[in-house]
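>>> Below are the sequence and a predicted model for it; my questions follow.
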2 protein chains.
Amino acid sequence: MAKRNGSSTLSENVTKKLQSDILAGQYEPGSPLTVSELAKGFEVSVAVVREALTRLATHGLVLQNPNHGFSVKTASEEELNNIIQARSLNESEALRLSIAYGDLTWESNVIAVHHKLSQTAEYREVNQKLAVSEEWSDIHRQFHYELIAACPNPVLLDICRRLWDLSEFYRHYPTPHQQTRDGRAEHKALMDAVLSRDSDRAVKIFRAHIQLTADNLFNNP
Amino acid sequence: MAKRNGSSTLSENVTKKLQSDILAGQYEPGSPLTVSELAKGFEVSVAVVREALTRLATHGLVLQNPNHGFSVKTASEEELNNIIQARSLNESEALRLSIAYGDLTWESNVIAVHHKLSQTAEYREVNQKLAVSEEWSDIHRQFHYELIAACPNPVLLDICRRLWDLSEFYRHYPTPHQQTRDGRAEHKALMDAVLSRDSDRAVKIFRAHIQLTADNLFNNP
DNA sequence: ACGATTAAAATAAACGATTTATATTTACAG
DNA sequence: CTGTAAATATAAATCGTTTATTTTAATCGT
């Protein structure tokens, strides 16, 4: 850090880095984020860290208590269910609109990113334990974004993007049991429904897809 | 300003003041918000103004261009339609849930705030022209919040709150023609549907209600 | 020994000045 | 004149420090 690159600002870079660190599970949920310490770590002034934390706080990834500083968002099964419910509502609608408005270029992009996703390993080994690959996470996000990319309502898309980040926060949780689901098949089925312009089927598959993610995490049958 | 009051911070107060000023139409849409000028006006340092603007920027009320500072959000009919669409989706769902989960206390609160709303004048005279009363605006917001207050999903409620602020941005626009609608009757009908726990009817009335607001603003038949 | 009160340390929030980037003006060459 | 480049002006971004608040530690009295 410590230097501005390109036309972007230091605050922007620190915000991005902090966000990806939090989403990658670098910090324990609920743990305090001391401005001065982070500033030392990033080799920037307290002002830019403060600005970054302020942004993340309004995004919901960081908690801000007046005169008590910042801390990482806490996690709960209840909240994940609320996020999933909101995502289900908004992303389903965005998906419908995307299917209704998407053109040939969009179709091609969907196929392209799905191919990439299907050829990327979801887990990698990190000191004898399986962990979600950061690369896969990124492509997975791209895939879901692409599905709704043809939705002509930017407000709706922004909501979807924020909700994705919030649910991403839960992805790096220790999974209680081995995944039994077939994520690859689900993605394939979802893409097929989308490409055949079958909104109802696509939404149905999508809803089941994200519900399974939540259930898997907290070990619900 | 210039002094911290209570347990809240200066930034918080400036944020609130700036937000209400913007929503009240104090600044022209698209006009630049110079940090140093605002700091002088509020008699605070540039840091707190910056923090306030950063917050409002992530909320969407303010635009931030890296190295070009901040400006008031621009307005367009298209964007209002997008906001209304998103509001319709989320607030309808919140309304359904609220109707499903609301208890007797909630019912009473709905009735109470509706009474207040029905007894408050929507317009007041400002140098020979009619303008929306700030007091009415506030109670109107409270009324709509109360309708969905029993929704048990805070994530959904937060989305609704943000979308409300965004659409509120358009409320202070010069209305091209005299309002012909009967807002009072709409609110009464909405409340009646809610209290009789008729979700479908309530949602239908609500959707028509916010659609009319948008149509009225841009003079659509 | 324990709880309340006060002093000390740590951290958050705010400040004002400096540095860096962008926009504007002026000078100059073609 | 017109286009380009240097110089200046303006505003944004960042910095290091100061002030206020909270938390921890210590002291005192009962």
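Yep, that arrived. Numbers count the residues shown, from 1 in each chain, chains lettered A, B, ... in the order given.

>>> Do I have it right that A:Asp165 meets A:Leu23?
Yes: the pair A:Asp165 / A:Leu23 is scored as a contact, 6.9 Å apart, by C-beta atoms under 8 Å. Any C-beta I mention is one placed from the backbone N, CA and C, and that applies to glycine too.

>>> Which residues are in contact with each of those two?
A:Leu61 (C-beta atoms under 8 Å, 6 or more residues apart in numbering or on different chains).

>>> From the rest of the structure, what touches the helix-or-strand element of chain A with minimal mean pLDDT?
Within chain A, no helix or strand scores below strand A:129-132, which has a mean of 77 by mean pLDDT, DSSP states H and E. Here strand A:129-132 makes contact (C-beta under 8 Å, 6+ apart) with A:Glu122, A:Tyr123, A:Arg124, A:Glu125, A:Arg171, A:His172.

>>> Give the partner strands of that strand in its sheet and their orientations.
strand A:123-126 (antiparallel) (DSSP bridges).

>>> Mind listing what's buried along the partner strand?
Applying a neighbour-count criterion of 16 or more other C-beta atoms under 10 Å in any protein chain shown, strand A:123-126 contains no buried positions.

>>> Go ahead and report the secondary structure state at A:Gln64.
strand (DSSP: H, G, I helix; E, B strand; the rest coil).

>>> For it, which non-adjacent residue is spatially closest?
Counting by C-beta to C-beta, 6 or more residues apart in numbering or on different chains, A:Ala57 is the residue found nearest to A:Gln64 once chain neighbours are left out, at 4.1 Å.

>>> Would you double-check that the one you found falls in a helix?
Yes: counting by three-state DSSP, A:Ala57 falls inside a helix.

>>> Who does the closest residue to A:Tyr123 other than its chain neighbours form a beta bridge with?
Spatial nearest neighbour of A:Tyr123, chain neighbours left out: A:Leu130 (4.4 Å); criterion: C-beta to C-beta, 6+ apart. On the basis of DSSP bridges, A:Leu130 is bridged to A:Glu125.

>>> A:Leu56 touches A:Ile22, doesn't it?
Yes: under the criterion of C-beta under 8 Å, A:Leu56 makes contact with A:Ile22 at 7.3 Å.

>>> overlap in contacts of those two?
Taking C-beta under 8 Å, 6+ apart as the contact criterion, the common neighbours of A:Leu56 and A:Ile22 are A:Val62.

>>> Buried residues, the helix or strand where A:Glu51 lies. List them.
Using DSSP states H and E, A:Glu51 falls within helix A:46-59. By neighbour count on 16+ other C-beta under 10 Å, the buried set for helix A:46-59 is A:47-59.

>>> Can you report how many residues neighbour the residue of chain A at minimum distance from DNA strand C?
In chain A, the residue that lies nearest DNA strand C is A:Gly69 (2.9 Å; C-beta to the nearest atom of the strand). A count of nearby residues for A:Gly69, using other C-beta atoms under 10 Å in any protein chain shown, gives 15.

>>> Measure how buried A:Thr105 is and give me the count.
Other residues within reach of A:Thr105, judged by other C-beta under 10 Å, total 10.

>>> what's the helix or strand for it?
Element membership for A:Thr105, per DSSP H and E: helix A:104-118.

>>> Let's test this: mean pLDDT of that helix, rounded?
Taken as a whole, helix A:104-118 has a mean pLDDT of 97.

>>> What is that helix packed up against?
In terms of contacts (3 or more C-beta pairs under 8 Å, 6 or more residues apart in numbering or on different chains; DSSP states H and E), helix A:104-118 is packed against helix A:134-148, helix A:183-195.

>>> which residues touch the residue nearest to A:Gln64?
The contact partners of A:Ala57, by C-beta under 8 Å, 6+ apart, come to A:Leu63, A:Gln64, A:Phe70.

>>> Give me every residue in chain A lying close to DNA strand D.
Chain A comes close to DNA strand D at residues A:2, A:4, A:9-11, A:44-48, A:51, A:67-68, as judged by C-beta under 7 Å from any atom of the strand.

>>> if you set the cut-off to 10 Å instead, what comes out?
A:1-5, A:7-15, A:35-36, A:39-40, A:42-52, A:65-69 (C-beta under 10 Å from any atom of the strand).

>>> Buried ones among those residues?
Burial of the residues of chain A next to DNA strand D was assessed by neighbour count (16+ other C-beta under 10 Å); the buried members are A:9-15, A:35, A:39, A:42, A:44, A:47-52.

>>> Widest-spaced pair of the contacts of strand A:129-132?
Maximum pairwise distance among the contacts of strand A:129-132 (C-beta to C-beta): 17.6 Å, between A:Glu125 and A:Arg171.

>>> Just say helix, strand or coil for A:Glu93.
The local conformation at A:Glu93, judged by three-state DSSP, is helix.

>>> Next, find the distance separating the one residue in chain A that gets nearest to DNA strand D from B:Phe206.
Per C-beta to the nearest atom of the strand, A:Leu10 is where chain A lies closest to DNA strand D, at 2.5 Å. Counting by C-beta to C-beta, to the nearest Å, the gap from A:Leu10 to B:Phe206 is 45 Å.

>>> can you narrow the buried residues of helix A:46-59 to ones near DNA strand C?
Among the buried residues of helix A:46-59, DNA strand C is touched by A:Ala47, A:Val49, A:Arg50, A:Leu53, A:Thr54, A:Ala57 when using C-beta under 10 Å from any atom of the strand.
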